[in-house]
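K.L.:
Return atomic coordinates for the entry below.
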Amino acid sequence: MALRALIVDDEADARDNLRLMLQEHCPEVEIVGQAASAPEARELIKSLQPNALFLDIKMPGEDGFQLLASIAELDLPVVFTTAYDEYALKAFKQNALDYLEKPIDVDDLKRAVGKLMKLSGEIVTGHASAIAALMKDPESPLSSRVAVPGREGLVLLKHEDIMYLEANDSYTTIHLKDGKRSVSSKHIRIFENNLDPKTFFRVHKSYIVNLAHLVGFNRAEGNMAMLDNGAMIPVSRRRLPDFLALINTF
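P.N.:
Alright, predicted model coming up:
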């Protein structure tokens with residue numbers, strides 16, 4: 001799994017320095033973006049969906065700790081970067097994977113990236129093994145259901161009953177064929193990683209559609225996937241080629 005990292009630091013020179021160090025010494029890391037503030041970082045996290053953060057602590061307005069608290073449900077691994085060593089203890093209490101003091105040492109950076117890669121591999125392996133086990137067991141009633149945690153407990157939804165999933169900030173709304181909706185506190189990316197890709201396709205950063213309910217594609221309305229309940233779901237330009245290639249194989 002590629003390590004897609006977002007750099008968050010209010011100082012442009014610090015962002016560029018870290019980016020150059022990563023490009024030169026840690027080519028396994030893909031820098032998907034840079035943010036100069038907590039609000040900007042939240043927007044980029046939504047749109048770019050990184051799986052790791054290099055996060056400065058002391059920033060104007062919201063600091064790194066406040067940003068991390070505001071996106072806690074995403075459970076993103078974080079490496080704190082700071083010129084102030086007094087924050088080290090608090091950083092580790094916030095479950096930081098590592099803590100780098102500025103100016104950043106190359107060996108320390110490599111160590112931190114190694115931890116991120118190890119954690120990323122463990123998460124992917126664990127998820128893949130669990131999914132594979134369920135998919136190989138056709139007798140399991142869970143092989144065709146989605147578990148949706150909510151405020152009052154857990155709801156098991158049949159794949160066939162799901163029309164599409166819609167991202168709402170860090171929450172996901174699941175639209176069902178009977179017109180009802182189920183809201184989950186999980187990010188839509190979690191569903192994307194766990195749903196059967198043969199049945200569910202992410203057509204847009206905010207939407208995943210159930211291909212079993214797909215009845216057409218409309219360019220006139222602005223590249224829309226048409227579902228059998230009349231719903232029109234936007235297909236992003238970035239995902240359009242893969243979507244068209246997929247439906248042309250039907």
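
K.L.:
other SSEs contacting the helix or strand that contains Phe243?
P.N.:
Element membership of Phe243 [criterion: DSSP states H and E] is helix 240-247. Helix 240-247 sits against strand 200-204, strand 214-218, with contacts defined as 3 or more C-beta pairs under 8 Å, 6 or more residues apart in numbering; DSSP states H and E. For glycine as for every other residue, the C-beta is placed from the backbone atoms N, C-alpha and C.

K.L.:
CA atoms only for the helix or strand that the last one is followed by, dumped as CSV, please.
P.N.:
Pointing back at strand 214-218 there. Heading C-terminal from strand 214-218, the first helix or strand you meet, by DSSP H and E, is strand 224-227. The C-alpha trace of strand 224-227 is given here as CSV (Å, rounded to 0.1, in the frame of the first residue of the first chain):
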residue,chain,number,x,y,z
MET,A,224,-24.4,11.1,-14.0
ALA,A,225,-24.8,7.4,-13.1
MET,A,226,-28.5,6.5,-13.3
LEU,A,227,-29.9,4.1,-10.7
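
K.L.:
which helices and strands sit right next to strand 224-227?
P.N.:
Using 3+ C-beta pairs under 8 Å, 6+ apart, strand 224-227 is in contact with strand 207-210, strand 214-218, strand 232-234.

K.L.:
Direction included, what does the last one pair up with?
P.N.:
In the sheet, strand 232-234 lines up against strand 224-227 (antiparallel) (DSSP bridges).

K.L.:
can you check the first one too?
P.N.:
In its sheet, strand 207-210 lies beside strand 162-168 (antiparallel), strand 200-204 (antiparallel), with partners assigned from DSSP bridges.

K.L.:
Mind listing residues that contact the last one?
P.N.:
When contacts are taken as C-beta atoms under 8 Å, 6 or more residues apart in numbering, the neighbours of strand 200-204 outside the stretch itself are 159, 162, 165, 188, 191-192, 208-211, 225, 233-236, 239, 243, 246.

K.L.:
how far does whichever helix or strand Glu24 is part of sit from the chain's center?
P.N.:
Secondary structure assignment for Glu24, by DSSP H and E: helix 12-25. Distance, stretch centre to chain centre, for helix 12-25: 23 Å (C-alpha atoms, centre = their mean, to the nearest Å).

K.L.:
ok, and for it, which residues are buried?
P.N.:
Applying a neighbour-count criterion of 16 or more other C-beta atoms under 10 Å, one finds Ala14, Arg15, Asn17, Leu18, Arg19, Met21, Leu22 buried in helix 12-25.

K.L.:
Turn the residues you listed into a markdown table, columns for pLDDT and distance to Val148.
P.N.:
Shown next, in a markdown table, are the buried residues of helix 12-25 (pLDDT from 0 to 100; distance: C-beta to C-beta, whole Å):
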| residue | pLDDT | distance to Val148 |
| --- | --- | --- |
| Ala14 | 95 | 41 |
| Arg15 | 96 | 38 |
| Asn17 | 96 | 43 |
| Leu18 | 96 | 38 |
| Arg19 | 95 | 38 |
| Met21 | 95 | 41 |
| Leu22 | 94 | 37 |
